[in-house]
Each structure stands twice: as structure tokens, then as C-alpha cells.
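Visitor: generate coordinates for the sequence data below:
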Amino acid sequence: MKNLQELHSDFCNYSEYIKGNTPDTITWLKAGMELYLKFSRAEYPKDITLFSLEDWILHGRAKRNWKAKTVHTYLRAVSLFFDWCVTRNHLKTNPAKEIPRPKLEKKIPKYLTETESDKILYWARNYPYHYKLESFRNSAIISTFLATGIRRKELINLKIEDVDLRKGELYVRQGKGSKDRLIPFRPSLAYI
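Guide: Sure thing, here's the model as predicted:
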């Protein structure tokens, strides 16, 4: 009989190679399970109980100041693994589904004001760089973030052929959720 570490490794391989989850998702799945295993000291599927999960969540909330979103995130990570275990007859039921999820806070997304954006751009353009090209590069990066809302990883993966200056569009390949998308931008961004 495989222990939980071995089973979770099989689950991560299944998630990556069969389901096609991204490396970031695999990292998230591993992090949640590692925390639970470290706390509960469960070694085999028979050791997973509703009570050990509840104790783990209570410990996280009371001792580690987990917010509601953190609880949701960790419970989702272990619950996906437990569902996989149920389908392969390693567990009879998924105990994580028995735990009520705390209500999530409804927050207005954070954003920069126009003044804050201008300050950042001013700094990027006027910082005393060693090379003039650094100023152009950093201004272009900051301007692209501000004008399009593109994610850091999406910007890193951007290629020259993904930028259409005439149409004013960025083509993002394999962004969040492995999805492609087109992002429009103002013509002024092309002349930064």
C-alpha cells in the first residue's frame, strides 16, 4: 500500500501530464498537501479524518492567522487530491467536503491612481541607470503593465511577434489558466 506522499506524487503527475495543469498549479497542490501532512502527521489514507482536517484549519486560523481566502485555497488543494483518492479507492469519501468554508471578504480591487502611475513612470524614466537603454526598457515594461493590466509572467513570455503596433494589440499566449487572449492598448503605448 502506498503512503500519502507517494499517492500525492502520483496525483501531481496525473494533474500535470493527464489533466495538463500548469507548473504553478502543481506547486500550489503540493504546498497545500505538505502543510496538511506536516501538521497532521498522517502517513496513509486511513489516517485522513474530518477531525484532523478541522484541527489543521483551526490551527491555521487561530495560530497562523489564515484569512478566509487562505482556508479556501488550502482546502481546495487537499480536496482535489482526496477526490482523486476516492476515484481510485484509496479513500471512501472526501472529508474536506464536510468542512464549511468561511465567507470570503468582498473587497474592491486595489489600483493605482493616475498620480501614483505618473510617479512610477517618472521614476522609471529618470532613474540614474548605467545605460540609457535601461531607461527605455523599464519605461516600456511599466507602461505596458499600466496600460494593459497584463500579468508579470505574461509580460516575461511576450515575444516581438505577439505585439501588433498597427492594430494596438498584444497577443498573450498561455496566460492564466493556459488561455490565449488579445489585449488592446492605446496607440501612445507604441511610442514609449
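Visitor: helix/strand/coil for the spatially most central residue of the chain?
Guide: Closest residue to the average C-alpha location of the chain: D24 at 6.3 Å, with C-alpha atoms, centre = their mean. Secondary structure assignment for D24 (DSSP: H, G, I helix; E, B strand; the rest coil): helix.
Visitor: which one's the longest helix in this protein?
Guide: Selection of the longest helix in the chain by residue count, based on DSSP state H, yields helix 68-87.
Visitor: buried sites along whatever helix or strand comes next after that helix?
Guide: Once the chain leaves helix 68-87, the next helix or strand it forms, by DSSP states H and E, is helix 114-126. Applying a neighbour-count criterion of 16 or more other C-beta atoms under 10 Å, one finds 117, 120-121, 124 buried in helix 114-126. Where you see a C-beta, it was placed from the backbone N, CA and C, and this is true even at glycine.
Visitor: stretch 178-192 too?
Guide: Within stretch 178-192, the residues scored as buried using 16+ other C-beta under 10 Å are 183, 185, 189.
Visitor: now do the same for the first one: helix, strand or coil?
Guide: Each residue gets one of three states, and I183 gets strand by three-state DSSP.
Visitor: from what I can see it touches R151, true?
Guide: No: in this structure, I183 is not within contact of R151 by C-beta atoms under 8 Å, at 10.5 Å.
Visitor: okay then, goodbye and thanks.
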